[in-house]
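Asker: just coords:
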DNA sequence: ATCGTAGAATCGTTCAACAATCCCACAAAA
DNA sequence: TTTTGTGGGATTGTTGAACGATTCTACGAT
């Protein structure tokens, strides 16, 4: 049954605009297209072999995800988060993840495991001095937290927030080191959760947000 | 200074696609375009005097706001929320508004007043048997709650959730009566907040969500 | 150095066309 | 009767070109 659902989702992936958007999203999040860069319709459309109209549709999809920003009659740019953006992003995350984490005792074991697993894997890799996937592991941890709420709308919005933060990391030139710094925090949160002290875990999460926000914002204003 | 900001925002409102999207959004939320209705590109584009490409851009904007749904090669439809959607929407609202309300003691007086004022006005009107604007007042109350978080991203996402719920009300054929029913709840929440018992207010908010969700979902499944 | 202006580059929008896909009705087969 | 092809017709997906409107750039005047 899962194979059927799989192939169905593959078939639905027909639109060219969608494919172009996926490719551009990857390029942006990988850092090949730097924040602040202007994306010329003609240049990119020509390079990818799609018409301007189709490319504009792809741009709309990415502005929805807040990866690109659209300025009227000026074009689209790779989003370049400011320190105000970072403040706003963490304000949203505090509410969403804090509120989700409080549901810890009311959710399924599978949902709880989605929070624990990423931290366990990151810790295991860190002990072998392997910090390769530490960034995605950190994001998976926070995705798991939001998943406790059981709302796809909330999870989707969180993914957009995470994508924006990835861009902020890039502006601050601290993509990997950032996640690594805060691994101990994640570990502590999971330990508190397993101990059943949800309120203390939420407190640790808030402290993590405070530290991360200040760290990131200061790097952005200095730049 | 506010006049300058005003005129600036007017100037930025240049795009035709944006204007078309605004018009369509209004039509949908007013109920002139029923949930489930398919919007033909040719028909609407011809009626509004805009080209297909521009109309498609407007559709993308409304799809982002979850007012329309896009099905590949089939067209765009006015969203018709299901009971699963309602469940998801309230799961998100529980987290967002619950988390925001907990910040009550940490925000500015202006933010707190944005929560109290809509309820006060709705109560005043209700005592005169004037239930005309009770719906928007209820939404303003919940907008105020989300505003406590101080994140425009969170507030924007909440507006999208509210818009979706408006569509659900319409499917359930209970637009005004719905809001009216729950005015006493809002009043009680504000009283608890003014008394300083934030946790109890959050509890009342949760109960409100439980009742509203069950009420709305049952009307949708019955239909 | 500041300001204004002409020209180039780019975006916003429209139009026409064709391929790809979906829908619907009708006929054939179990 | 129900199911299963199988057409044709309608609609969407995508392209390319075109032109007015807006922005950017560079050059020259003050």
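Answerer: On my side now, so go ahead. Nothing here was measured: the structure is a model prediction, and the numbers come from that model.

Asker: And the closest residue to residue A:103 other than its chain neighbours, how far from residue A:202?
Answerer: Excluding the flanking residues, the one nearest residue A:103 by CB to CB, 6 or more residues apart in numbering or on different chains is residue A:148, at 4.8 Å. For every residue, glycine as well, the C-beta is placed using N, CA and C. Separation of residue A:148 from residue A:202 (CB to CB, to the nearest Å) stands at 12 Å.

Asker: go on, residue A:23?
Answerer: Counting by CB to CB, the gap from residue A:23 to residue A:202 is 39 Å.

Asker: So between these two, which is more surrounded?
Answerer: residue A:202 (23 against 12; other CB atoms under 10 Å in any protein chain shown).

Asker: Now do the more buried one, the pLDDT please.
Answerer: Per-residue pLDDT puts residue A:202 at 98.

Asker: for the helix ranked longest in chain A, packing partners?
Answerer: In chain A, with assignment by DSSP state H, the single longest helix is helix A:198-222. Contact partners of helix A:198-222 among helices and strands, from 3 or more CB pairs under 8 Å, 6 or more residues apart in numbering or on different chains; DSSP states H and E: helix A:83-101, helix A:152-171, helix A:176-181, helix A:183-195.

Asker: Of all those helices, which one comes closest to residue B:184?
Answerer: Shortest distance between residue B:184 and those, using CB to CB, is found for helix A:83-101: 24.7 Å.

Asker: distance between the closest one and the chain's centre?
Answerer: The chain centre lies 12 Å from the centre of helix A:83-101; the measure is CA atoms, centre = their mean, to the nearest Å.

Asker: do stretch A:205-223 as well
Answerer: 16 Å.

Asker: Could you do stretch A:156-168 as well?
Answerer: With CA atoms, centre = their mean, you get 4 Å for stretch A:156-168.

Asker: And the contacts of it?
Answerer: With CB atoms under 8 Å, 6 or more residues apart in numbering or on different chains as the test, stretch A:156-168 has contacts from A:25, A:28-29, A:35, A:65-67, A:78-81, A:85-86, A:89, A:92-93, A:96-97, A:139, A:142-143, A:146, A:175, A:216, A:220, B:153, B:157.

Asker: re earlier: could you dump the helices and strands packed on helix A:198-222 to JSON lines with mean pLDDT?
Answerer: Shown next, in JSON lines, are the helices and strands packed on helix A:198-222 (pLDDT from 0 to 100):
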{"stretch": "helix A:83-101", "mean pLDDT": "98"}
{"stretch": "helix A:152-171", "mean pLDDT": "96"}
{"stretch": "helix A:176-181", "mean pLDDT": "81"}
{"stretch": "helix A:183-195", "mean pLDDT": "96"}
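
Asker: Out of those, the one nearest DNA strand C is which?
Answerer: helix A:152-171 (19.8 Å; CB to the nearest atom of the strand).

Asker: Can you pull the residues of chain A lying near DNA strand D?
Answerer: A:14-17, A:49-54, A:57, A:72-74 (CB under 7 Å from any atom of the strand).

Asker: To residue B:118, which of the helices and strands packed on helix A:198-222 lies closest?
Answerer: Nearest to residue B:118, of these and by CB to CB, is helix A:83-101 at 20.2 Å.

Asker: so how far is whichever helix or strand comes after that closest one from its chain's centroid?
Answerer: Next helix or strand after helix A:83-101 toward the C-terminus (DSSP states H and E): helix A:109-127. Taking CA atoms, centre = their mean, the mean C-alpha location of helix A:109-127 is offset from the chain mean by 17 Å.

Asker: residues in contact with helix A:109-127?
Answerer: Residues contacting helix A:109-127 (CB under 8 Å, 6+ apart): A:104, A:131-134, A:137-138, A:140-141, A:143-145, A:147-148, A:150, A:180, A:183, A:186-187, A:189-190, A:193-194.

Asker: and that helix, which residues are buried?
Answerer: A:111, A:112, A:114, A:115, A:116, A:118, A:119, A:122, A:125, A:126 (16 or more other CB atoms under 10 Å in any protein chain shown).

Asker: residue contacts, residue A:135?
Answerer: The contact partners of residue A:135, by CB under 8 Å, 6+ apart, come to A:175, A:176, A:178, A:179.

Asker: Domain-wise, how is chain A divided?
Answerer: The record's domain parsing of chain A by automatic domain parsing lists A:2-78, A:83-222.

Asker: For residue A:19, which three-state class applies?
Answerer: helix (DSSP: H, G, I helix; E, B strand; the rest coil).

Asker: can you count the residues close to it?
Answerer: Residue A:19, neighbours per other CB under 10 Å, totals 15.

Asker: Next one, pLDDT for it please.
Answerer: pLDDT, read off for residue A:19, is 94.

Asker: Distance of it relative to residue B:207?
Answerer: 46 Å.

Asker: and residue A:128, what is it in contact with?
Answerer: So residue A:128 contacts nothing (CB under 8 Å, 6+ apart).

Asker: Do you know the pLDDT at it?
Answerer: 90.

Asker: Could you verify that residue A:32 is part of a strand?
Answerer: No - using three-state DSSP, the assignment for residue A:32 is coil, not a strand.

Asker: That one - how many residues pack around it?
Answerer: 10.

Asker: can you check residue A:178 too?
Answerer: For residue A:178, the count of nearby residues is 21 (other CB under 10 Å).

Asker: Residue A:189 reaches residue A:208, doesn't it?
Answerer: Yes - using CB atoms under 8 Å, residue A:189 is in contact with residue A:208, at 7.4 Å.

Asker: neighbour count winner among those two?
Answerer: Neighbour count, other CB under 10 Å: between residue A:189 and residue A:208, residue A:189 has more, with 23 against 20.

Asker: quick one: that one from residue A:97, how far?
Answerer: According to CB to CB, residue A:189 stands 10 Å off from residue A:97.
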